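1. Attaching a predicted model along with its sequence, questions to come.
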Amino acid sequence: MARRPISDLEAHLGYWLRFVSNHVSHAFQRKLELRGVTVAEWVVLRDVYGEAGISPSEVADRLGMTRGAISKLVDRLAEKGLVEREAVAKDRRYQSIRLTSDGRALVPELAALADANDLEFFGALTAPQRKTLLDLLKKIVRAHDLKEIPTR
């Protein structure tokens with residue numbers, strides 16, 4: 001019985017996606033760490049930015065994260081003075097979170113780091129190539145109904 005040839009590791013799109021993703025993510029993580037936040041914290045800060053107040057459960061749902069994970073992230077962000085909690089008068093069990101002035105000031109700086117990181121890695125592509133790549137990746141996300149936001 002003849003065996004099928006085994007494909008080379010480098011023949012897989014997943015290999016190259018992971019290879020690029022790891023480098024893009026690691027570089028961004030290093031940039032954020034210099035500002036005192038993690039990638040997961042950045043994702044929460046960016047999601048809450050512009051909200052007058054939002055429940056942690058809404059953030060969890062929007063980001064495809066567990067309520068426990070969001071709770072831990074909010075705790076860390078509150079300790080850093082970047083978000084604040086407020087109990088809602090009608091129901092003390094319900095909390096609303098919003099960015100502090102320090103948090104609101106930090107988000108545009110971090111967004112600029114994200115933009116610079118993208119340019120650093122994807123600047124080798126033309127604008128139409130970047131759009132094509134983005135469209136293809138979004139098509140894969142839709143085809144597999146992927147919901148969870150990457151935070152690592």
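-> Arrived safely. Since the model is a prediction, treat every value here as computed from it, not as a measurement.

2. which residues of the protein fall in helices?
-> With DSSP state H applied, the chain shows helices at 13-34, 39-48, 56-63, 67-79, 101-122, 127-143, listed in chain order.

3. tell me the pLDDT at the most centrally placed residue in the chain?
-> Centroid check for the chain by CA atoms, centre = their mean gives V43 as the closest residue, at 4.1 Å. If you check V43, the pLDDT there is 96.

4. is it true that it touches L63?
-> Yes: if you go by CB atoms under 8 Å, V43 and L63 touch, sitting 6.3 Å apart. C-beta: built from backbone N, CA, C; applies to glycine.

5. pLDDT below threshold where in the chain?
-> Applying pLDDT under 70 to the chain flags the ranges 89-93, 151-152.

6. Can you name the residues that contact the nearest residue to T66 once chain neighbours are set aside?
-> In this structure, T66 finds its nearest non-sequential neighbour in A60, 6.4 Å apart by CB to CB, 6 or more residues apart in numbering. Applying CB atoms under 8 Å, 6 or more residues apart in numbering, one finds that A60 lies in contact with T66, R67, A69, I70.

7. try 10 Å this time
-> V44, D47, T66, R67, G68, A69, I70, S71, L73, V74 (CB atoms under 10 Å, 6 or more residues apart in numbering).

8. Between the residues you listed, identify the one with the most neighbours.
-> V44 (30 neighbours; other CB atoms under 10 Å).

9. circling back: may I ask which two of the contacts of A60 are separated the most?
-> For the contacts of A60, with distances taken as CB to CB, the pair at the greatest spread is D47 and G68 (16.8 Å).

10. quick one on the thing from earlier: for the residue nearest to T66, give its distance to R76.
-> 15 Å (CB to CB, to the nearest Å).

11. tell me the phi and psi of S55?
-> With angles defined as degrees, to the nearest 10, S55 sits at phi -80, psi 150.

12. Count the residues that sit near it.
-> Residues near S55, counting by other CB under 10 Å: 16.

13. And the residue nearest to T66, how far from Y49?
-> Taken as CB to CB, the span from A60 to Y49 is 16 Å.
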